[in-house]
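Novice: need a structure here:
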Amino acid sequence: MVKTQFPEMNLLIDKLHNSIKITLGDKLRGLYLFGSLVGGDFDPKTSDIDLLAIVESDISEDDLRSLKVMHQNFVREYPEWRDRIEVAYVGVEAMRKFKTDTVTIARISPGEPLHYRDMNIQWLMDWYMVQEQGLAIEGPSPKVLIPVITKDEFVASLKGEYPSWLERAKEARRVGYQSYVVLSLCRSLYAIRFGQQVSKFKGASWAATEYPQWAHLIQQATEWHGSSDNTDSLDTQAETARFAEFMLDQA
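Specialist: Below is the predicted model of the structure:
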């Protein structure tokens, strides 16, 4: 059983692991937990469960149908986790090639049912987090099945993402999404500066100290984190966009 600081989550993840294992059988090569439950900031009421399942071969149509039924049954039993479970089902060969080719995987994520989608080098940040922090629920260390991702590759990937964060900031009308953008930018710049991925809250605390002129916005974003408030705020939207431009310059 995986061990986190939340005993009730250990039981839930064990149940999900067993369901995946029964569905895929020996095809499952490794299952890894990452995200806020490992890196910090996890809130049992609002946070997601992030998993990487590495499989012997790509998910077939039959596999996809069976996994869809499994996930439907799981949220029927645990309705509070509807739209809060993210699992990427990635073939061994696809994982080996994703840095140079576009490959096909299966994925379920909040707001999206299980479906096929493309994976390419833009996923490097996720798999770097698994490589460095992922907890093995089944299988060998993630470093055995994930091709080596260097710190320089990770930092370069973060820098490449910054222009897209600026566009997201300009479109972030709702305060919940503004919070997500601000905290993500803080964490990303911390990672660029120090080559280490930390929790959103630790990144925010560092950024508020490093850039006191933005401390109020960062504190506001921290208070909004995990909130169900979907209020539009054009004033903070403009400030969020200015913050994103500033952070882009720093990156």
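Novice: count the neighbours of residue 148 for me.
Specialist: 8 (other Cβ atoms under 10 Å). C-beta coordinates here come from the backbone N, C-alpha and C atoms, glycine included.
Novice: so which helix or strand takes in the residue lying closest to it once chain neighbours are set aside?
Specialist: Once flanking residues are discounted, residue 148 sits nearest to residue 131: 7.9 Å by Cβ to Cβ, 6 or more residues apart in numbering. Following DSSP states H and E, one finds residue 131 within helix 124-133.
Novice: going along the chain, name the helices of this structure.
Specialist: 7-24, 36-39, 61-77, 92-97, 124-133, 142-145, 151-171, 175-194, 200-210, 215-224, 234-250 (DSSP state H).
Novice: can you list those in JSON lines and add mean pLDDT?
Specialist: Shown next, in JSON lines, are the helices of the chain (pLDDT from 0 to 100):
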{"stretch": "helix 7-24", "mean pLDDT": "97"}
{"stretch": "helix 36-39", "mean pLDDT": "88"}
{"stretch": "helix 61-77", "mean pLDDT": "98"}
{"stretch": "helix 92-97", "mean pLDDT": "98"}
{"stretch": "helix 124-133", "mean pLDDT": "94"}
{"stretch": "helix 142-145", "mean pLDDT": "97"}
{"stretch": "helix 151-171", "mean pLDDT": "88"}
{"stretch": "helix 175-194", "mean pLDDT": "92"}
{"stretch": "helix 200-210", "mean pLDDT": "94"}
{"stretch": "helix 215-224", "mean pLDDT": "93"}
{"stretch": "helix 234-250", "mean pLDDT": "90"}
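Novice: for those, give me TSV that also has distance to residue 109.
Specialist: Compiled in TSV, these are given as follows (distance: least, Cβ to Cβ, whole Å):
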stretch	distance to residue 109
helix 7-24	15
helix 36-39	14
helix 61-77	11
helix 92-97	17
helix 124-133	11
helix 142-145	19
helix 151-171	17
helix 175-194	15
helix 200-210	18
helix 215-224	22
helix 234-250	24
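Novice: looking at the ones you listed, which is closest to residue 54?
Specialist: For these, distance to residue 54 was read as Cβ to Cβ. The smallest value, 4.9 Å, belongs to helix 142-145.
Novice: buried residues in the closest one?
Specialist: 142, 145 (16 or more other Cβ atoms under 10 Å).
Novice: what helices and strands are in contact with it?
Specialist: strand 28-34, helix 124-133 (3 or more Cβ pairs under 8 Å, 6 or more residues apart in numbering; DSSP states H and E).
Novice: quick one: list the elements packing against the longest one.
Specialist: Okay, so that is helix 124-133. Short answer (3+ Cβ pairs under 8 Å, 6+ apart): helix 124-133 packs on strand 28-34, helix 36-39, strand 49-55, helix 142-145, helix 151-171.
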